[in-house]
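[1] model the following, please.
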Amino acid sequence: MDAHSRIFKSVFVCYDYLGYGETSGRATEQSSIVICEHVLNYVQQTYQNSKIVLWGRSIGSVPTVAVGSDPRVSCIIVESGLSTALNAACTNPFCSCIDGFKNINRLENVNCPILLMHALDDDTIPYRCSLQNFEVLKRKQQCYRNEDSLFSEQINSCNNIMQSGNNWHYTFKTGGHNDLNENETTQIVNRFLINAFRTQENERKSVKTEPNFNGKDKLIISYI
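    Have a look, this model is predicted:
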């Protein structure tokens with residue numbers, strides 16, 4: 001966290017959920033989402049006029065995606081996230097009615113740029129979950145595909161990255177659930193944020209509004 005805050009010239013805010021780390025209470029899907037909403041409110045009030053990026057890792061991807069439809073959120077990063085609970089446990093889930101943690105449903109409501117990152121050899125949350133999430137983003141983009149996205153030529157030539165509009169999917173060829181390469185992570189996150197913020201600025205300029213991103217005012221909230 002400390003290293004990334006210096007690299008990205010940003011503030012990282014992280015917290016525990018009920019029942020995790022040193023925080024008491026009972027862990028539930030709904031309580032994690034409610035806490036995430038409270039943290040978002042706190043950050044928005046404390047660091048006004050900053051760009052807010054939600055970064056959700058593993059189970060933390062669930063509240064991150066759930067809150068990601070909030071218009072105050074500029075971008076989302078999902079690291080080693082699940083699609084649904086059953087999809088993480090089974091190749092062919094037998095009954096969706098008892099499923100939970102449904103990122104693939106909530107992604108339909110998210111309109112800001114999203115970066116999905118996942119390792120091929122993740123044995124905690126399978127790589128297929130990340131691909132399932134990206135399929136949702138691809139279907140959404142069919143209605144408003146942006147063929148002029150920045151870096152599209154470089155991305156298409158790199159077999160680690162898939163792009164659909166302003167949404168990216170990055171594959172780590174080595175590593176598992178808890179040991180993604182830090183340098184590789186930093187590079188792809190930085191590249192994604194530069195692209196996302198430049199695209200947003202270009203869209204604002206097209207409607208004759210003043211840009212307000214100077215490269216140093218983005219705020220990253222990290223959910224772990």
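[2] give me the distance between residue 41 and residue 112.
    Residue 41 sits 17 Å away from residue 112, going by C-beta to C-beta, to the nearest Å. Glycine gets a C-beta too; all of them are placed from N, C-alpha and C.
[3] and if you look at residue 199?
    Counting by C-beta to C-beta, the gap from residue 199 to residue 112 is 11 Å.
[4] same check on residue 125?
    23 Å.
[5] residue 45 now?
    Distance, residue 45 to residue 112, using C-beta to C-beta: 20 Å.
[6] circling back: tell me which of residue 41 and residue 112 has more neighbours.
    residue 112 (20 against 12; other C-beta atoms under 10 Å).
[7] look up how far residue 8 lies from the more buried one.
    For residue 112, the distance to residue 8 equals 17 Å [C-beta to C-beta].
[8] ok, how many other residues are close to residue 91?
    Residues within reach of residue 91, counting by other C-beta under 10 Å, total 7.
[9] mind checking the longest helix of this structure?
    In the chain, taking DSSP state H as the definition, the longest helix is helix 182-206.
[10] burial count for residue 22?
    Neighbours of residue 22 using other C-beta under 10 Å come to 5.
[11] I'd guessed it sits against residue 15; true?
    No: with contacts counted by C-beta atoms under 8 Å, residue 22 stays clear of residue 15, the gap being 10.8 Å.
[12] can you give me the strands in the chain?
    Using DSSP state E, the strands found in the chain span residues 12-13, 51-57, 73-79, 114-119, 161-164, 167-172, 218-223.
[13] find the residue at the geometric middle of this protein.
    In the chain, the residue lying closest to the centroid (C-alpha atoms, centre = their mean) is residue 77, at 2.1 Å.
[14] and the closest residue to it other than its chain neighbours, how far is that from residue 10?
    Of all residues not flanking residue 77 in the chain, residue 55 sits nearest, at 4.3 Å (C-beta to C-beta, 6 or more residues apart in numbering). The gap separating residue 55 from residue 10 is 10 Å, by C-beta to C-beta.
[15] same check on residue 179?
    Residue 179 is 23 Å from residue 10, by C-beta to C-beta.
[16] among the two, which residue is more densely surrounded?
    Neighbour totals were compared for residue 179 and residue 10, and residue 10 leads with 20 against 12 (other C-beta under 10 Å).
[17] would you mind measuring from the more buried one to residue 53?
    8 Å.
[18] where does the chain have its least confident helix or strand?
    helix 152-156 (a mean of 42; mean pLDDT, DSSP states H and E).
[19] ok, now which ones touch residue 132?
    Residues counted as contacts of residue 132 (C-beta atoms under 8 Å, 6 or more residues apart in numbering) are 83, 87, 104.
[20] so which of those residues sit within helices?
    Those of the contacts of residue 132 mapping onto helices are 87, 104, per DSSP H.
[21] show me how to select, in ChimeraX, the buried members of the contacts of residue 132.
    To isolate the buried ones among these in ChimeraX, judged by 16 or more other C-beta atoms under 10 Å, type:
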select :83,87,104
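[22] and which of the contacts of residue 132 is nearest residue 119?
    Residue 119 has its nearest neighbour among the contacts of residue 132 in residue 83, at 15.4 Å by C-beta to C-beta.
[23] which residues touch that closest one?
    Here residue 83 is in contact with 102-104, 128-130, 132-133 (C-beta under 8 Å, 6+ apart).
[24] does residue 76 touch residue 54 like I think?
    Yes: Residue 76 lies in contact with residue 54 (C-beta under 8 Å); the separation is 4.9 Å.
[25] nothing else from me, thank you.
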